[in-house]
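Chemist: Below are the sequence and a predicted model; questions follow.
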Amino acid sequence: MPQFEKNPLPTGWAIAEVERDTGIGKDTLRVWERRYGFPQPLRDSLGERLYPLDQVHKLRLIKRLMDTGHRPGKIVAQSVEQLQDLLNGMSLVKGAEDCASSPPEPSALDANAPWLRWLAEDRSDLIKQALRQHIIKQGLGSTVEDLVAPLCVYVGEAWLRGELSVYQEHLFSATLQQVLREAIASVEASSPTLGQHPRVLLATTPGEYHSLGLLMAECYLALESCARFELGSSTPVVEILQAIEHMKIDVLALSFSAYASRNDVISSLQQLIDGVPAGVEIWAGGSATALQSRSVPEGITVISRARDVAAHVNDWRTRHSDETQPTSR
(Lines give C-alpha, C1' and ligand atoms only; values in the text may rest on other atoms or scores of the structure.)
Protein backbone atom coordinates (compact mmCIF):
# COMPACT_ATOMS: atom_id res chain seq x y z
CA MET A 1 0.00 0.00 0.00
CA PRO A 2 1.26 3.49 -0.76
CA GLN A 3 2.65 5.41 2.18
CA PHE A 4 1.32 8.89 2.71
CA GLU A 5 3.34 11.42 4.66
CA LYS A 6 1.47 13.16 7.41
CA ASN A 7 1.27 16.91 7.22
CA PRO A 8 3.94 18.28 9.55
CA LEU A 9 2.69 20.13 12.60
CA PRO A 10 3.16 23.90 12.41
CA THR A 11 6.08 25.32 14.34
CA GLY A 12 6.53 28.69 15.93
CA TRP A 13 6.63 30.65 19.16
CA ALA A 14 3.90 30.38 21.79
CA ILE A 15 2.16 33.63 22.66
CA ALA A 16 3.84 33.72 26.10
CA GLU A 17 7.25 33.42 24.44
CA VAL A 18 6.41 36.26 22.05
CA GLU A 19 5.29 38.45 24.93
CA ARG A 20 8.49 37.72 26.86
CA ASP A 21 10.74 38.34 23.85
CA THR A 22 9.12 41.46 22.44
CA GLY A 23 7.52 43.08 25.47
CA ILE A 24 4.16 43.22 23.66
CA GLY A 25 1.38 41.87 25.86
CA LYS A 26 -0.78 38.89 24.96
CA ASP A 27 -3.95 40.95 24.95
CA THR A 28 -2.35 43.50 22.63
CA LEU A 29 -1.28 40.77 20.20
CA ARG A 30 -4.84 39.45 20.07
CA VAL A 31 -6.29 42.94 19.55
CA TRP A 32 -3.87 43.65 16.70
CA GLU A 33 -4.77 40.33 15.11
CA ARG A 34 -8.44 41.36 14.98
CA ARG A 35 -7.97 45.05 14.25
CA TYR A 36 -5.02 45.13 11.85
CA GLY A 37 -4.82 41.57 10.52
CA PHE A 38 -1.34 41.19 11.99
CA PRO A 39 0.13 39.13 13.44
CA GLN A 40 -1.38 36.06 11.78
CA PRO A 41 -0.41 33.14 14.02
CA LEU A 42 -0.69 29.52 13.06
CA ARG A 43 -2.44 27.02 15.31
CA ASP A 44 -1.06 23.91 16.96
CA SER A 45 -2.93 20.63 17.45
CA LEU A 46 -4.69 22.10 20.49
CA GLY A 47 -5.68 25.29 18.71
CA GLU A 48 -3.12 27.44 20.53
CA ARG A 49 -1.47 30.30 18.68
CA LEU A 50 1.99 29.76 17.18
CA TYR A 51 3.91 32.74 15.79
CA PRO A 52 6.42 32.11 12.96
CA LEU A 53 9.87 33.63 13.43
CA ASP A 54 9.39 36.18 10.64
CA GLN A 55 6.33 37.56 12.43
CA VAL A 56 8.23 37.72 15.73
CA HIS A 57 10.97 39.69 14.00
CA LYS A 58 8.42 42.16 12.64
CA LEU A 59 6.90 42.52 16.11
CA ARG A 60 10.33 43.42 17.48
CA LEU A 61 10.67 46.18 14.91
CA ILE A 62 7.19 47.45 15.71
CA LYS A 63 7.92 47.54 19.43
CA ARG A 64 11.17 49.44 18.95
CA LEU A 65 9.37 52.03 16.81
CA MET A 66 6.57 52.33 19.37
CA ASP A 67 9.19 53.03 22.02
CA THR A 68 10.26 56.06 20.00
CA GLY A 69 6.72 57.44 19.75
CA HIS A 70 5.20 55.74 16.69
CA ARG A 71 1.56 54.73 17.06
CA PRO A 72 0.70 51.08 16.34
CA GLY A 73 -2.15 52.04 14.01
CA LYS A 74 0.37 53.73 11.72
CA ILE A 75 3.00 51.00 11.59
CA VAL A 76 1.53 47.53 12.28
CA ALA A 77 0.29 47.17 8.70
CA GLN A 78 3.61 48.23 7.17
CA SER A 79 6.05 45.73 5.70
CA VAL A 80 9.28 44.70 7.39
CA GLU A 81 11.19 46.69 4.77
CA GLN A 82 9.18 49.84 5.53
CA LEU A 83 9.67 49.38 9.26
CA GLN A 84 13.39 48.87 8.77
CA ASP A 85 13.59 52.03 6.69
CA LEU A 86 11.94 53.95 9.52
CA LEU A 87 14.50 52.63 11.96
CA ASN A 88 17.40 53.33 9.64
CA GLY A 89 16.20 56.90 9.27
CA MET A 90 16.33 57.50 12.98
CA SER A 91 19.42 58.41 14.95
CA LEU A 92 21.42 55.28 15.53
CA VAL A 93 19.92 54.38 18.84
CA LYS A 94 17.34 55.46 21.30
CA GLY A 95 18.80 53.20 23.93
CA ALA A 96 19.94 49.67 24.55
CA GLU A 97 17.26 47.12 25.37
CA ASP A 98 18.14 46.94 28.96
CA CYS A 99 21.30 48.95 29.53
CA ALA A 100 21.08 51.91 31.85
CA SER A 101 23.02 54.30 29.69
CA SER A 102 22.63 57.27 27.41
CA PRO A 103 23.32 56.69 23.68
CA PRO A 104 27.06 56.67 22.94
CA GLU A 105 28.80 59.02 20.59
CA PRO A 106 29.23 57.73 17.01
CA SER A 107 33.01 57.77 17.38
CA ALA A 108 32.72 55.26 20.24
CA LEU A 109 30.72 52.94 18.02
CA ASP A 110 33.24 53.03 15.19
CA ALA A 111 35.96 51.77 17.51
CA ASN A 112 33.87 48.70 18.33
CA ALA A 113 33.68 47.27 14.80
CA PRO A 114 35.61 44.05 15.71
CA TRP A 115 32.97 43.11 18.24
CA LEU A 116 30.27 42.69 15.60
CA ARG A 117 32.62 40.63 13.45
CA TRP A 118 33.37 38.35 16.38
CA LEU A 119 29.67 37.93 17.05
CA ALA A 120 28.93 37.21 13.40
CA GLU A 121 31.66 34.57 13.44
CA ASP A 122 30.40 33.07 16.73
CA ARG A 123 33.70 33.87 18.46
CA SER A 124 32.44 34.41 21.99
CA ASP A 125 35.89 33.33 23.21
CA LEU A 126 37.42 36.45 21.68
CA ILE A 127 34.69 38.61 23.20
CA LYS A 128 35.36 37.17 26.66
CA GLN A 129 39.09 37.63 26.29
CA ALA A 130 38.76 41.26 25.18
CA LEU A 131 36.30 42.10 27.96
CA ARG A 132 38.52 40.52 30.62
CA GLN A 133 41.57 42.37 29.35
CA HIS A 134 39.68 45.66 29.38
CA ILE A 135 38.60 45.08 32.98
CA ILE A 136 42.20 44.33 34.01
CA LYS A 137 43.56 47.43 32.28
CA GLN A 138 40.75 49.95 32.85
CA GLY A 139 38.87 48.61 35.86
CA LEU A 140 35.34 47.28 36.20
CA GLY A 141 33.57 50.62 36.48
CA SER A 142 35.24 52.08 33.42
CA THR A 143 34.53 48.92 31.43
CA VAL A 144 30.82 49.02 32.26
CA GLU A 145 30.43 52.69 31.36
CA ASP A 146 32.81 53.08 28.42
CA LEU A 147 32.59 49.68 26.78
CA VAL A 148 29.70 47.49 27.91
CA ALA A 149 26.98 50.16 27.70
CA PRO A 150 27.90 51.33 24.17
CA LEU A 151 28.27 47.71 23.04
CA CYS A 152 24.75 46.89 24.25
CA VAL A 153 23.43 49.70 22.09
CA TYR A 154 25.58 48.80 19.10
CA VAL A 155 24.73 45.10 19.16
CA GLY A 156 21.03 45.78 19.65
CA GLU A 157 20.92 47.98 16.56
CA ALA A 158 22.93 45.49 14.50
CA TRP A 159 20.42 42.81 15.46
CA LEU A 160 17.51 44.99 14.40
CA ARG A 161 19.19 45.65 11.06
CA GLY A 162 19.45 41.92 10.49
CA GLU A 163 23.24 41.82 10.74
CA LEU A 164 23.08 39.43 13.70
CA SER A 165 20.74 36.54 14.39
CA VAL A 166 18.64 36.15 17.52
CA TYR A 167 20.94 33.49 18.97
CA GLN A 168 23.98 35.69 18.39
CA GLU A 169 22.38 38.57 20.25
CA HIS A 170 21.47 36.21 23.11
CA LEU A 171 25.01 34.79 23.10
CA PHE A 172 26.39 38.30 23.43
CA SER A 173 24.16 38.99 26.43
CA ALA A 174 25.09 35.69 28.09
CA THR A 175 28.80 36.36 27.51
CA LEU A 176 28.55 39.81 29.06
CA GLN A 177 26.78 38.42 32.10
CA GLN A 178 29.40 35.72 32.61
CA VAL A 179 32.32 38.14 32.43
CA LEU A 180 30.68 40.77 34.64
CA ARG A 181 29.78 38.21 37.29
CA GLU A 182 33.36 36.96 37.26
CA ALA A 183 34.54 40.53 37.76
CA ILE A 184 32.10 41.08 40.65
CA ALA A 185 33.40 37.91 42.33
CA SER A 186 36.96 39.18 41.89
CA VAL A 187 36.06 42.52 43.47
CA GLU A 188 34.50 40.77 46.45
CA ALA A 189 37.48 38.44 46.87
CA SER A 190 39.85 41.39 47.13
CA SER A 191 37.65 43.70 49.22
CA PRO A 192 38.34 43.97 52.97
CA THR A 193 34.89 45.47 53.63
CA LEU A 194 31.92 43.45 52.39
CA GLY A 195 28.23 43.74 53.17
CA GLN A 196 28.08 47.42 54.05
CA HIS A 197 24.98 49.59 54.04
CA PRO A 198 22.93 50.35 52.10
CA ARG A 199 21.47 46.87 51.82
CA VAL A 200 20.25 46.77 48.22
CA LEU A 201 17.61 44.49 46.72
CA LEU A 202 17.86 44.08 42.93
CA ALA A 203 14.84 43.01 40.89
CA THR A 204 12.69 43.71 37.87
CA THR A 205 8.91 43.96 38.01
CA PRO A 206 6.41 41.60 36.31
CA GLY A 207 6.84 41.39 32.54
CA GLU A 208 10.39 42.80 32.58
CA TYR A 209 12.74 39.99 31.60
CA HIS A 210 15.79 42.06 30.67
CA SER A 211 18.20 42.10 33.60
CA LEU A 212 21.53 43.20 32.14
CA GLY A 213 20.91 46.75 33.31
CA LEU A 214 20.60 45.47 36.88
CA LEU A 215 23.87 43.59 36.52
CA MET A 216 25.63 46.74 35.34
CA ALA A 217 24.31 48.59 38.38
CA GLU A 218 25.41 45.71 40.60
CA CYS A 219 28.97 46.13 39.36
CA TYR A 220 29.05 49.60 40.90
CA LEU A 221 27.33 48.39 44.07
CA ALA A 222 30.03 45.73 44.43
CA LEU A 223 32.75 48.33 43.96
CA GLU A 224 31.14 50.28 46.83
CA SER A 225 31.04 47.11 49.00
CA CYS A 226 27.25 47.24 49.35
CA ALA A 227 25.30 44.26 50.66
CA ARG A 228 23.34 43.02 47.64
CA PHE A 229 20.44 40.61 47.26
CA GLU A 230 19.13 39.54 43.86
CA LEU A 231 15.55 38.47 43.20
CA GLY A 232 16.01 38.27 39.44
CA SER A 233 13.67 39.25 36.64
CA SER A 234 9.87 39.54 36.48
CA THR A 235 9.27 39.34 40.22
CA PRO A 236 5.72 39.97 41.49
CA VAL A 237 5.39 43.25 43.36
CA VAL A 238 4.01 41.54 46.47
CA GLU A 239 7.12 39.33 46.67
CA ILE A 240 9.41 42.33 46.26
CA LEU A 241 7.64 44.06 49.14
CA GLN A 242 7.86 40.95 51.33
CA ALA A 243 11.59 40.64 50.66
CA ILE A 244 12.16 44.30 51.51
CA GLU A 245 10.47 43.93 54.88
CA HIS A 246 11.91 40.57 55.88
CA MET A 247 15.47 41.32 54.76
CA LYS A 248 15.58 44.85 56.19
CA ILE A 249 16.42 46.37 52.83
CA ASP A 250 17.53 50.00 52.58
CA VAL A 251 17.30 50.45 48.80
CA LEU A 252 15.28 48.71 46.08
CA ALA A 253 17.08 48.87 42.72
CA LEU A 254 14.94 48.36 39.60
CA SER A 255 15.70 48.30 35.89
CA PHE A 256 13.26 48.92 33.03
CA SER A 257 14.26 48.21 29.44
CA ALA A 258 13.18 50.05 26.31
CA TYR A 259 10.60 47.30 25.79
CA ALA A 260 8.76 48.21 28.99
CA SER A 261 5.25 49.57 28.65
CA ARG A 262 4.91 53.10 30.01
CA ASN A 263 1.72 52.22 31.88
CA ASP A 264 3.27 49.08 33.36
CA VAL A 265 6.34 50.99 34.56
CA ILE A 266 4.32 53.75 36.22
CA SER A 267 1.85 51.28 37.74
CA SER A 268 4.60 49.08 39.21
CA LEU A 269 6.48 52.05 40.62
CA GLN A 270 3.32 53.44 42.22
CA GLN A 271 2.49 50.09 43.83
CA LEU A 272 6.00 49.86 45.22
CA ILE A 273 6.20 53.42 46.50
CA ASP A 274 2.85 52.90 48.22
CA GLY A 275 3.94 49.60 49.77
CA VAL A 276 7.55 50.02 50.89
CA PRO A 277 8.25 50.67 54.58
CA ALA A 278 9.16 54.20 55.59
CA GLY A 279 12.78 55.02 54.90
CA VAL A 280 13.26 52.53 52.06
CA GLU A 281 14.40 54.21 48.85
CA ILE A 282 13.57 53.09 45.31
CA TRP A 283 16.15 53.66 42.58
CA ALA A 284 15.01 53.03 39.01
CA GLY A 285 17.18 52.97 35.90
CA GLY A 286 17.17 51.73 32.33
CA SER A 287 16.11 53.06 28.95
CA ALA A 288 12.33 52.89 29.40
CA THR A 289 10.73 56.07 28.09
CA ALA A 290 8.50 56.23 31.17
CA LEU A 291 11.51 57.08 33.34
CA GLN A 292 11.99 60.31 31.42
CA SER A 293 8.35 61.38 31.88
CA ARG A 294 6.77 63.58 34.51
CA SER A 295 4.52 60.70 35.50
CA VAL A 296 7.17 58.96 37.62
CA PRO A 297 5.71 58.79 41.15
CA GLU A 298 7.14 61.15 43.72
CA GLY A 299 9.80 59.46 45.81
CA ILE A 300 11.39 57.46 42.98
CA THR A 301 15.05 58.22 42.30
CA VAL A 302 15.73 57.92 38.57
CA ILE A 303 19.29 56.90 37.70
CA SER A 304 20.31 57.86 34.18
CA ARG A 305 23.63 56.01 33.96
CA ALA A 306 24.93 52.93 35.73
CA ARG A 307 27.98 54.85 36.92
CA ASP A 308 25.71 57.25 38.87
CA VAL A 309 24.98 54.40 41.28
CA ALA A 310 28.24 55.10 43.11
CA ALA A 311 27.31 58.74 43.72
CA HIS A 312 23.88 57.73 45.01
CA VAL A 313 25.46 55.19 47.38
CA ASN A 314 27.82 57.81 48.76
CA ASP A 315 24.97 60.28 49.14
CA TRP A 316 22.90 57.66 50.98
CA ARG A 317 25.78 56.92 53.34
CA THR A 318 26.28 60.60 54.06
CA ARG A 319 22.62 61.00 54.96
CA HIS A 320 22.64 57.85 57.14
CA SER A 321 26.15 58.11 58.61
CA ASP A 322 24.93 58.03 62.21
CA GLU A 323 22.69 54.98 61.91
CA THR A 324 24.52 52.39 59.82
CA GLN A 325 27.05 49.76 60.76
CA PRO A 326 28.70 47.12 58.50
CA THR A 327 26.69 43.92 58.14
CA SER A 328 27.60 40.47 56.94
CA ARG A 329 26.25 39.58 53.54
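Modeler: Yep, it's here.

Chemist: ranges for the strands of the chain?
Modeler: Using DSSP state E, the strands of the chain run over 13-14, 42-43, 49-51, 196-203, 226-232, 251-256, 281-286, 300-303.

Chemist: helices and strands around the longest one, which ones?
Modeler: Looking back up the chat, that one is strand 196-203. Packed against strand 196-203, as judged by 3 or more C-beta pairs under 8 Å, 6 or more residues apart in numbering; DSSP states H and E, are the following elements: helix 212-223, strand 226-232, helix 237-246, strand 251-256, helix 308-319. (Each C-beta comes from the backbone N, C-alpha and C, glycine too.)

Chemist: Dump those to TSV, plus distance to Leu116, mean neighbour count and mean pLDDT.
Modeler: Shown next, in TSV, are those (distance: least, C-beta to C-beta, whole Å; neighbours: other C-beta atoms under 10 Å; pLDDT from 0 to 100):
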stretch	distance to Leu116	mean neighbour count	mean pLDDT
helix 212-223	18	24	94
strand 226-232	29	18	94
helix 237-246	37	16	97
strand 251-256	25	27	95
helix 308-319	28	16	96
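
Chemist: Could I get those in JSON lines, plus columns for distance to Gly23?
Modeler: Below are these laid out as JSON lines (distance: least, C-beta to C-beta, whole Å):
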{"stretch": "helix 212-223", "distance to Gly23": "14"}
{"stretch": "strand 226-232", "distance to Gly23": "17"}
{"stretch": "helix 237-246", "distance to Gly23": "18"}
{"stretch": "strand 251-256", "distance to Gly23": "10"}
{"stretch": "helix 308-319", "distance to Gly23": "24"}
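
Chemist: Compare the ones you listed and give me the one nearest Thr193.
Modeler: Distance to Thr193, taken as C-beta to C-beta, is lowest for strand 226-232 among these, at 10.2 Å.

Chemist: strand partners of that closest one, parallel vs antiparallel please.
Modeler: strand 196-203 (parallel) (DSSP bridges).

Chemist: show me what contacts Gln168?
Modeler: 119-120, 122, 159 (C-beta atoms under 8 Å, 6 or more residues apart in numbering).

Chemist: Which two among those are spaced furthest apart?
Modeler: Maximum distance among those (C-beta to C-beta): 14.5 Å, for Asp122 and Trp159.

Chemist: wait, doesn't Met216 sit right on Arg181?
Modeler: No. With contact defined as C-beta atoms under 8 Å, Met216 does not count as touching Arg181 (11.6 Å).

Chemist: now the helices: where do they sit in the stretch 1-150 of the chain?
Modeler: Secondary structure of the stretch 1-150 of the chain by DSSP state H, counting those that start in this stretch: the helices cover 15-22, 26-35, 53-67, 72-75, 80-89, 106-110, 113-120, 124-138, 140-143, 149-160.

Chemist: what comes up buried for the fourth one?
Modeler: By that I understand helix 72-75. Neighbour-count burial for helix 72-75 flags 72, 75 (criterion: 16 or more other C-beta atoms under 10 Å).

Chemist: Return the list of helices and strands in contact with that helix.
Modeler: Judged by 3+ C-beta pairs under 8 Å, 6+ apart, the packing partners of helix 72-75 are helix 53-67.

Chemist: Now do the helix it packs on against helix 26-35, angle only.
Modeler: 100 degrees (axes from the mean of the first three to the mean of the last three C-alpha atoms, to 10 degrees).

Chemist: where does the protein have its least confident helix or strand?
Modeler: helix 106-110 (a mean of 44; mean pLDDT, DSSP states H and E).

Chemist: Using TSV, please lay out the strands of the chain together with distance to Lys128.
Modeler: Below are the strands of the chain laid out as TSV (distance: least, C-beta to C-beta, whole Å):
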stretch	distance to Lys128
strand 13-14	29
strand 42-43	38
strand 49-51	33
strand 196-203	23
strand 226-232	22
strand 251-256	23
strand 281-286	25
strand 300-303	28
